[in-house]
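**Student:** just to be clear, the model below is a prediction. Sequence and coordinates:
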Amino acid sequence: MTYTYNKNVQTMIRAGRVIPSGVYGHLGPAEGCMIPSSSYPFFAAKAKGAEIWDPDGNRFIDYMCAYGPNIQGYCDPDVDAAAIEQIKLGNCTTLPSTVMVDFAEYLTNLVHKDWAFFCKNGGDVTSFSIMISRYYTGKKKIIFVKNYYHGVAPWTQHPDTPGTIEDDCKHGLYVKFNDIEDLKRTIEANKDDIACFIATPYMHGNFVDNELPEEGYWKQVRELCTKYGIVMIIDDIRCGFRLSLEGSDRYFGFDADLITFCKALANGYNVSALCGKEFLKGAASTVPYTGSYWMSAVPFAAGLANLKKLEANNACQHFFDMGTRLVTGLEKAAKQRNIPLVSSGHPAMFYLRIQDELGNFRLHQEWVAECVKRGVFITNHHNHFICMAMTPAIIDETIAICTEGMDVLVKNHPEEFKK
Amino acid sequence: MSERAKAFTNFFAAMGTLEKYVELVPEAKEVAKKDNVTVRFKVTDGPDGILVFQDGTVQALEYDGRKADIVIACKTPEYFNQVVDGKVTPIPQLPGILKALKFMGKPESPFNVLTKGMADVLRRTEFKNEEEKKITTILSFYTMVAGVAQVGNHDEIAQHAMKRMVDGEVSVGIRDVCYATLIKKDGKLVAVKQKSERPRSFMTFGDIDTAYGLISGQVDAMTCISKGTLETSGHMLMLDNVNKVLNRVPMYLK
């Protein structure tokens, strides 16, 4: 028995009348990660722990975790209690709450940086990091790593992106991940005008196998940035607090100048943070940057409770263990069926792909669709996320459902998986 | 907008759709049968292409060295575009001028009847019956797909998206009606009016109404994806870049 989505579709039709795209952005079916859209729900009715339920009453084990923010589990009682207590004291007020300072102290101590600046979304802090770098260095160019994603602001885009103009993109330089020689060449050719290097701690781009840093890569990048006065920015919005609570730069053995956090920072409460070294604090103070809700107290209280709980529960070990358990189980089931399942990335943020001859991902998309229709919410071409609410029992249930999906795939394409 | 990109689009996408026009519209086929003739449009810094009229069929090809019966030389892409828009009268080269006068010299000449007839079909927005709507939609579909290739290759902004596309074939179609293929290879895009045999990505309109609505801009793609009337699958980055090129096609096909 597989799921049907009548109420989802009806709601999407309503949404389409009054909201651009119905569901715009990365949660919507047009982003290319929910294929075919007919296999997916579009809306959530409720969520708890590692699970969500859609308007049709279908239950899913959710490996997208709201694309990262769900790190404890949905509706976590401790984080929510901290938020509710803060609501009683005040949220968006004329003067910021002292909890902002508490949060900044806790966060900077945790991630070994000297200051924290809070905004709302990942794109807010990546943009701010670029502004600070340009102001501090007096230079213009930004080195990106190909297949990057740092939000949707025009400086992150290409000239063909609707709403972006060529001038927005003319200061971008593009290097390959794990290719130190490419970086050296790029720096050499532009060394008088490079403000910053921005990258994620490993290449977890969509639509491509995820790639961990090679031995010594980050050490050499760090040395080059220091030598040439380039501000080194780590975009830890997706990885942050899943690989290490101390920041993913620490996890990979280096020290970024600026590091951005968002998604997992407050278990779904809306706050992002840019943390940095002392020498950039003056620039961060000087560059004008603010927003109506950036000092609202409730997300700070939630974030504080969230980080404390992650620390108390050795969270990253749990993410690694559960991710490894899941990926190992899926690989075993695939191998038994002669399905060439490829996994990549860190176990806490595993990426999956079924190899196919034409490189068109259709077998992978078909398998993913069968999993979704049976209650495991995974997407086609995005990394997934583990949260604290995922127990061994939930992981094993997932493996069983995904294995059933594999059996359907083999039944539909016996010629593809002959021994 | 680039006049050069417009010239390529005008020749290979707009005039190129004559091929399907004479296939689908019997009256057009009869007109095309009147002459077996090869017309070369030689545009300086623009397309150098031939339209081959043969026994009621039409083909638009890159100039391949064959002898053309009529040669229209255009000094600039802009001049060619004015010819296409009917703002200037093309002057054929001397050899073949008599054939040119017969084939395209007057409003009732075969070439002009065909191009005007096709333009009317493409532009009509009210239909007497479903068949009319179907023909308009199919012709618009082929013009759009060919336009993606030309705009992707020649529009400076669209080239960014085209260059990011991986090599391979994109299958584009109206389910159970017609299909075309976009091929990315050797750093450029080629449109073929046939179904792909080895697609890496797929964009399929569920029916004529969906295709007409989307191509004419009356409905948005998101609503169609949600309703399941526009299916996209396969290598989605290819399609994402096709869409970015497609965003720029309408300004060239006005």
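**Tutor:** Sure, I can see it.

**Student:** how does chain A divide up, domain by domain?
**Tutor:** Annotated domains of chain A cover A:6-62+A:314-417, A:77-312 [automatic domain parsing].

**Student:** now the terminal residues of the first one, how far apart.
**Tutor:** Pointing back at domain A:6-62+A:314-417 there. End-to-end span of domain A:6-62+A:314-417 (Cα to Cα, to the nearest Å): 34 Å.

**Student:** what about the chain, any weak spots by pLDDT?
**Tutor:** I went with chain A, as the question did not name one. Applying pLDDT under 70 to chain A flags residues A:419.

**Student:** which part of it gets nearest to chain B, residue-wise?
**Tutor:** Residue nearest to chain B within chain A (Cβ to the nearest Cβ): residue A:32, separated by 3.4 Å. Every C-beta, even on glycine, is put in place using the N, C-alpha and C of the backbone.

**Student:** got the residues of the stretch 201-350 of chain A near chain B?
**Tutor:** residue A:207 (Cβ under 8 Å from any Cβ of the partner chain).

**Student:** now do the helices in the stretch 201-350 of chain A.
**Tutor:** For the stretch 201-350 of chain A, applying DSSP state H, counting those that start in this stretch gives helices covering A:217-228, A:248-251, A:281-286, A:297-312, A:315-336.

**Student:** switch these over to JSON lines; also include mean neighbour count.
**Tutor:** Putting the helices of the stretch 201-350 of chain A into JSON lines (neighbours: other Cβ atoms under 10 Å in any protein chain shown) gives the following:
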{"stretch": "helix A:217-228", "mean neighbour count": "17"}
{"stretch": "helix A:248-251", "mean neighbour count": "22"}
{"stretch": "helix A:281-286", "mean neighbour count": "15"}
{"stretch": "helix A:297-312", "mean neighbour count": "23"}
{"stretch": "helix A:315-336", "mean neighbour count": "18"}
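
**Student:** right, and these - which one's nearest residue A:258?
**Tutor:** In terms of Cβ to Cβ, the element of the helices of the stretch 201-350 of chain A nearest to residue A:258 is helix A:281-286, at 8.8 Å.

**Student:** for that closest one, the distance to its chain's centre please.
**Tutor:** 27 Å (Cα atoms, centre = their mean, to the nearest Å).

**Student:** for that helix, packing partners?
**Tutor:** strand A:115-119, helix A:122-137 (3 or more Cβ pairs under 8 Å, 6 or more residues apart in numbering or on different chains; DSSP states H and E).

**Student:** quick one: terminal-to-terminal distance for stretch B:208-221?
**Tutor:** 14 Å.

**Student:** up against chain A, what does chain B have?
**Tutor:** For chain B, the contact set with chain A under Cβ under 8 Å from any Cβ comprises B:157-158, B:160-161, B:164, B:166, B:168, B:198-202, B:220-223, B:225-228, B:231-237, B:239-241, B:244-245, B:247-248.

**Student:** which of those residues fall in strands?
**Tutor:** Counting by DSSP state E, these place B:168, B:199, B:200, B:201, B:202, B:231, B:232, B:233, B:234 in strands.

**Student:** farthest pair within those?
**Tutor:** Farthest-apart pair in those is B:168 and B:231; separation 18.2 Å (Cβ to Cβ).

**Student:** show me the contacts for residue A:182.
**Tutor:** By Cβ atoms under 8 Å, 6 or more residues apart in numbering or on different chains, the residues touching residue A:182 are A:175, A:176.

**Student:** quick check: buried residues in the helix or strand it falls within?
**Tutor:** Residue A:182 is part of helix A:180-190, with elements assigned from DSSP states H and E. For helix A:180-190, burial by neighbour count (16 or more other Cβ atoms under 10 Å in any protein chain shown) applies to A:180, A:183, A:186, A:187, A:190.

**Student:** tell me the contacts of residue 50?
**Tutor:** If you meant another chain, say so; for now it's chain A. Counting by Cβ under 8 Å, 6+ apart, residue A:50 makes contact with A:61, A:62, A:73, A:74, A:387, A:389, A:390, A:391, A:394.

**Student:** wait, chain B
**Tutor:** Shown in contact with residue B:50 (Cβ under 8 Å, 6+ apart): B:38, B:39, B:40, B:41, B:60, B:61, B:62, B:63, B:64, B:66, B:68.

**Student:** filter those down to the buried ones and hand me the ChimeraX line.
**Tutor:** Selection of buried members from the contacts of residue B:50 for ChimeraX, criterion 16+ other Cβ under 10 Å:
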select /B:38,39,40,41,60,68
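
**Student:** which one among the contacts of residue B:50 gets closest to chain A?
**Tutor:** Using Cβ to the nearest Cβ, residue B:62 comes nearest to chain A of the contacts of residue B:50, at 25.4 Å.

**Student:** how about the residue of the stretch 1-150 of chain B found nearest chain A, phi and psi?
**Tutor:** At 12.6 Å from chain A, residue B:148 is the closest residue in the stretch 1-150 of chain B, using Cβ to the nearest Cβ. Backbone torsions of residue B:148, given as degrees, to the nearest 10, read phi -60, psi -50.

**Student:** where's the residue nearest to it when sequence neighbours are not counted relative to residue B:189, distance?
**Tutor:** Spatial nearest neighbour of residue B:148, chain neighbours left out: residue B:245 (5.1 Å); criterion: Cβ to Cβ, 6 or more residues apart in numbering or on different chains. With distances taken as Cβ to Cβ, to the nearest Å, residue B:245 is found 8 Å from residue B:189.

**Student:** anything in contact with each of these two?
**Tutor:** B:148, B:152, B:162.

**Student:** export these to CSV and tack on neighbour count and distance to residue B:83?
**Tutor:** As requested, those are arranged in CSV below (neighbours: other Cβ atoms under 10 Å in any protein chain shown; distance: Cβ to Cβ, whole Å):
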residue, neighbour count, distance to residue B:83
B:148, 26, 23
B:152, 30, 24
B:162, 24, 27
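
**Student:** I'd like those residues written out as a markdown table, with pLDDT added.
**Tutor:** Below are those laid out as a markdown table (pLDDT from 0 to 100):
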| residue | pLDDT |
| --- | --- |
| B:148 | 96 |
| B:152 | 97 |
| B:162 | 96 |
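
**Student:** pick the one among those closest to residue A:10.
**Tutor:** Comparing these against residue A:10 with Cβ to Cβ places residue B:148 closest, at 33.5 Å.

**Student:** which ones are touching the closest one?
**Tutor:** Applying Cβ under 8 Å, 6+ apart to residue B:148 gives the contacts B:182, B:189, B:191, B:242, B:245, B:246, B:249.

**Student:** surely the last one touches residue B:154?
**Tutor:** No: counting by Cβ atoms under 8 Å, residue B:249 sits too far from residue B:154 to count as a contact (11.6 Å).

**Student:** so what sits against both of the two?
**Tutor:** Common neighbours of residue B:249 and residue B:154, using Cβ under 8 Å, 6+ apart, are residue B:9.

**Student:** on that earlier part again, reformat the helices of the stretch 201-350 of chain A as JSON lines; add distance to residue A:143.
**Tutor:** Listed next are these as JSON lines, based on distance: least, Cβ to Cβ, whole Å:
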{"stretch": "helix A:217-228", "distance to residue A:143": "9"}
{"stretch": "helix A:248-251", "distance to residue A:143": "16"}
{"stretch": "helix A:281-286", "distance to residue A:143": "19"}
{"stretch": "helix A:297-312", "distance to residue A:143": "30"}
{"stretch": "helix A:315-336", "distance to residue A:143": "29"}
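
**Student:** residue A:93: which of the ones you listed is closest?
**Tutor:** helix A:297-312 (7.0 Å).

**Student:** and the angle for that closest one with strand A:115-119?
**Tutor:** With axes from the mean of the first three to the mean of the last three Cα atoms, to 10 degrees applied, the angle from helix A:297-312 to strand A:115-119 works out at 130 degrees.
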